[in-house]
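**Student:** quick one, what's the 3D model for this:
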Amino acid sequence: MDEGLKNKAYMEGMRLKKAGMDNEVIRARLEKLGIPEELITQVISNMSIQQKQEKVKANEPLYYSGLLKVGLGVLLAIISAFIFPGKIIFPIGFVASGIVYALIAKNNMKS
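**Tutor:** Here you go, the predicted model:
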């Protein structure tokens, strides 16, 4: 394939994707520009993969902060068991919010 045609297809596809167009509209516009069908399919699949990777990358900090909160909550529970032997203090706020953060982030990564 011609590199100029490939670049034109990717640039137009990215421009339309940023404008909020769905894949069918992008496909129709690229066909109108005379882009071959196999290149259109490749452009759309690569843009979808890239969009998924960006979504995962954006949600990773939230996921890891949730796991960190769960770990801190468990660590505080262990430390409190050593400091106050008769009482077990379980920091439910840390653990519960950590689990919620991690689940929300994981859900956003999948969709």
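**Student:** any regions of the chain where pLDDT drops low?
**Tutor:** 1, 111 (pLDDT under 70).
**Student:** switch the cut-off to 80
**Tutor:** Along the chain, segments meeting pLDDT under 80 span 1-2, 86-90, 111.
**Student:** who's sitting farthest from the centroid in it?
**Tutor:** Distance from the C-alpha centroid of the chain peaks at Gly86, with 44.0 Å (Cα atoms, centre = their mean).
**Student:** so which strand or helix has that one?
**Tutor:** Of the helices and strands defined by DSSP states H and E, none includes Gly86.
**Student:** adjust the sequence numbering to begin at 692 for everything that follows.
**Tutor:** Right, with 692 as the first residue, what we last looked at is Gly777.
**Student:** ramachandran angles for it?
**Tutor:** Main-chain dihedrals, Gly777, degrees, to the nearest 10: phi -80, psi -20.
**Student:** dump the residue contacts of it.
**Tutor:** Listed by Cβ atoms under 8 Å, 6 or more residues apart in numbering, Gly777 has no contact partners. Placement of C-beta: from N, CA and C, glycine included.
**Student:** do you know how far it is from Val786?
**Tutor:** 21 Å (Cβ to Cβ, to the nearest Å).
**Student:** what about Ile780, neighbour count?
**Tutor:** Using other Cβ atoms under 10 Å, Ile780 has 12 neighbouring residues.
**Student:** give me every residue that touches the closest residue to it other than its chain neighbours.
**Tutor:** Distance criterion Cβ to Cβ, 6 or more residues apart in numbering; nearest residue to Ile780, sequence neighbours excluded, is Ser771 at 4.0 Å. For Ser771, the contact set (Cβ under 8 Å, 6+ apart) comprises Lys778, Ile779, Ile780.
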